[in-house]
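In: Sequence and predicted structure below; questions after.
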Amino acid sequence: SARVTYPAQAITQAIESQWQSSFSGKKLRYVAGPIWDAGIVSFYAADTPQVLVEGDFSKAPWISKEAIHACGIVLLYPTQEMLRAIPTAQVQVPLLIPATVNTSPNKKITWAIVPPQENCF
């Protein structure tokens, strides 16, 4: 039942809104984090970003560090290991997503970004 009430679209909308307000006109090309959370953002996001599972480049060898540094990335629930692997990531103020049902708590999303550069391909 937790998946049925998971605020997937609200999380995605909040991430996309923050990305577009900061980087107007730039596509969200990459998202990293736990497979479920990053996957739902990829699924619901208009730009369908590629997923870097757990921020581990060995799990997504088609994504390079050069690509994320050029085009930017959103890191969901960044761990210290993820932040060490992507040192240019900027930790953001957590997002608070309202619960979809009264018996569930609000969802707190910790996240970080690497801003896109002009040389994004």
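Out: Received the coordinates, thanks. Residues are numbered from 1 along each chain as shown.

In: Which positions within the longest helix seen in the chain qualify as buried?
Out: Criterion DSSP state H: the longest helix present in the chain is helix 8-22. Buried positions in helix 8-22, judged by neighbour count with 16 or more other CB atoms under 10 Å: 8, 10-12, 14-16, 18-19. In this view, the C-beta of every residue, glycine as well, is placed from N, C-alpha and C.

In: tell me the mean pLDDT over it?
Out: The pLDDT scores in helix 8-22 average 94.

In: avg pLDDT for stretch 49-56?
Out: The model assigns stretch 49-56 a mean pLDDT of 95.

In: Can you list the neighbours in contact with it?
Out: Under the criterion CB atoms under 8 Å, 6 or more residues apart in numbering, residues 27-35, 38-39, 41-42, 59-60, 62-63, 68, 73-75, 78-79, 81-82, 85-86 lie in contact with stretch 49-56.

In: and the next element down the chain from the helix or strand of the chain with the lowest mean pLDDT?
Out: Ranking every helix and strand in the chain by mean pLDDT, DSSP states H and E puts strand 107-109 at the bottom, with a mean of 89. Counting by DSSP states H and E, the element after strand 107-109 in chain order, helix or strand, is strand 111-114.

In: I'd like the distance between Ile73 and Ser22.
Out: Distance, Ile73 to Ser22, using CB to CB, to the nearest Å: 13 Å.

In: can you list residues touching both of the two?
Out: Common neighbours of Ile73 and Ser22, using CB under 8 Å, 6+ apart, are Ile113.

In: Quick check on the contacts of stretch 49-56: which are buried?
Out: By 16+ other CB under 10 Å, the contacts of stretch 49-56 give 27-33, 38, 41-42, 60, 63, 68, 73-75, 78, 82, 85-86 as buried.
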